[in-house]
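J.: Sharing a model that was predicted from the sequence below.
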Amino acid sequence: MYRRYVLSIAAALAGLASIPATAAFPDRPVRMVVPFAPGGATDTVARALALRLGQLWKQAVIVENKPGAGGNIGADYVAKSPPDGYTLLVASPAEVTINQFLYAKMPFDAARDLAPVSKLATAPLVLVVNTRSAAKTVQELVQIIKSRKGGLNYASSGTGGPQHLAGEQFRIMSGTTLAHVPYKGGSPATTDLLGGQVDMFFSGLPPALQHIKSGSLRALAVTTDKRTPLLPQTPTVSESGFPGFSIENWQGVFVRNGTSPEAIAQLARDIATVAKDKDFIEQLTAQGAVPETMSPENFTTFVQIEREKFSKLVKESGAKVD
């Protein structure tokens with residue numbers, strides 16, 4: 001009798017051990033990796049998210065900047081982290097949808113190693129020219145490019161990012177000759193555009209706004225499907241004679257693949273909660289961005305569509321990093 005009792009207790013304990021833990025997630029500090037230097041668009045959005053997730057979870061959310069190799073260093077760090085949901089990647093399009101087509105060798109496979117959690121924010125790029133330029137519309141710019149022997153040149157904040165590929169998509173769709181001039185960041189690119197060393201720039205919106213408002217740069221179009229409320233009179237490139245042109249400068253959250261669906265779902269729900277916060281919305285709006293969240297399933301589909309788009313664009317443009 002006693003032996004049967006002991007065996008029954010053991011069986012019950014074994015059964016309890018197989019039941020998934022119900023402890024609240026997260027129950028310890030979370031690391032949020034930004035694969036770029038402090039102060040940029042992705043870093044700003046990540047820190048706004050980290051602050052409010054920390055308040056929601058009552059846990060520390062520690063932002064770590066791991067820049068380098070076009071975002072690959074930080075993304076690779078998360079791709080090799082434990083699959084427990086406690087190391088998050090706040091990514092831009094480059095490291096999760098573009099770099100794999102640009103670099104001859106990658107330290108990780110974004111599709112295999114990283115699981116999409118939620119889109120976080122989206123912002124347009126803005127096509128700007130110096131106000132000394134004769135171009136006041138996109139179509140006038142195209143005519144100027146075609147009239148110049150050798151065409152014009154365009155700046156970007158670095159090879160392979162959305163700004164570079166926006167220029168390549170514009171070159172292909174407009175049938176013009178454009179030379180790419182990569183810089184180490186948007187600030188030196190803007191400086192040379194202001195000084196007349198380059199002809200045009202698909203700039204991030206926040207750094208361009210002050211120059212647009214001061215009258216030193218002219219905004220011709222934004223690259224997203226819809227106009228931005230920060231420049232409501234500025235048309236989209238698509239509206240300006242190139243239907244289908246669409247390049248978003250978005251941010252999204254990823255974790256190591258293999259993280260439990262329950263943890264991913266919880267993260268996505270909490271990010272959606274933060275995205276409704278009035279102060280969060282205002283902080284992103286000041287940066288020219290709009291909160292935009294998705295379920296893990298919808299974000300996975302979105303990321304795959306982005307990869308297919310950029311794969312085709314990189315192939316057509318012949319862009320390479322190494």
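T.: Looks like it came in fine.
J.: Name the surrounding residues that touch the helix of greatest length in the chain.
T.: Across the chain, the helix with the greatest residue count (assigned by DSSP state H) is helix 296-317. With contacts defined as C-beta atoms under 8 Å, 6 or more residues apart in numbering, helix 296-317 is touched by 93, 96-98, 100-102, 111, 115-119, 165, 168-169, 171-172, 252, 261, 264-265, 268, 294. The C-beta positions use only the backbone N, C-alpha and C, and glycine is treated the same way.
J.: Which members of the residues you listed occur in helices, if any?
T.: Those of those mapping onto helices are 93, 100-102, 111, 165, 168-169, 171-172, 261, 264-265, 268, per DSSP H.
J.: Return the set of buried residues in the longest helix of the chain.
T.: Under the neighbour-count criterion of 16 or more other C-beta atoms under 10 Å, helix 296-317 has Pro296, Phe299, Phe302, Val303, Glu306, Arg307, Lys309, Phe310, Leu313, Val314, Ser317 buried.
J.: show me the contacts for the spatially most central residue of the chain.
T.: With distances taken as C-alpha atoms, centre = their mean, the chain has Ser92 as the residue nearest its mean C-alpha position (2.2 Å). Taking C-beta under 8 Å, 6+ apart as the contact definition, Ser92 lies against Pro35, Phe36, Ala41, Thr42, Gly71, Gly161, Pro162, Asn249, Trp250, Gln251.
J.: For PyMOL, write a command that selects the buried ones of the ones in helices among the contacts of helix 296-317.
T.: Buried residues within the ones in helices among the contacts of helix 296-317, by 16+ other C-beta under 10 Å, are selected in PyMOL with:
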select buried, resi 93+100+101+102+111+165+168+169+171+264+268
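J.: With respect to Gly54, which of the ones in helices among the contacts of helix 296-317 is nearest?
T.: Sorting the ones in helices among the contacts of helix 296-317 by how near they are to Gly54, with C-beta to C-beta, puts Ala268 at the top with 17.2 Å.
J.: OK, contacts around the nearest residue in space to Ser157 that is not next to it in sequence?
T.: Nearest residue to Ser157, sequence neighbours excluded (C-beta to C-beta, 6 or more residues apart in numbering): Gly186, at 4.2 Å. Applying C-beta under 8 Å, 6+ apart, we find Gly186 in contact with Ser157, Gln163, Ser203, Gly204, Pro207.
J.: 6 Å - rerun?
T.: Contact criterion C-beta atoms under 6 Å, 6 or more residues apart in numbering gives Ser157, Gly204, Pro207 as the residues in contact with Gly186.
J.: most surrounded residue in those?
T.: For those, the largest neighbour count, defined by other C-beta atoms under 10 Å, is 25 neighbours, found at Gly204.
J.: And the residue nearest to the centre of the chain, how close does it get to Val314?
T.: With distances defined as C-beta to C-beta, to the nearest Å, the gap from Ser92 to Val314 amounts to 16 Å.
J.: Same check on Gly39?
T.: According to C-beta to C-beta, Gly39 stands 28 Å off from Val314.
J.: One more: Val63?
T.: 30 Å.
J.: again, but for Ala24
T.: Per C-beta to C-beta, Ala24 is found 43 Å from Val314.
J.: What of Phe242?
T.: Here the criterion is C-beta to C-beta. By it, Phe242 lies 19 Å from Val314.
J.: any idea how the chain splits into domains?
T.: 30-123+250-317, 125-222 (automatic domain parsing).
J.: ok now the shortest one, how far from the chain's centre?
T.: Between the mean C-alpha location of domain 125-222 and the chain-wide mean there is a distance of 20 Å, by C-alpha atoms, centre = their mean, to the nearest Å.
J.: what about Ala104, how many neighbours?
T.: The criterion is other C-beta under 10 Å. On that basis, Ala104 has 7 neighbouring residues.
J.: which SS state does it fall under?
T.: coil (DSSP: H, G, I helix; E, B strand; the rest coil).
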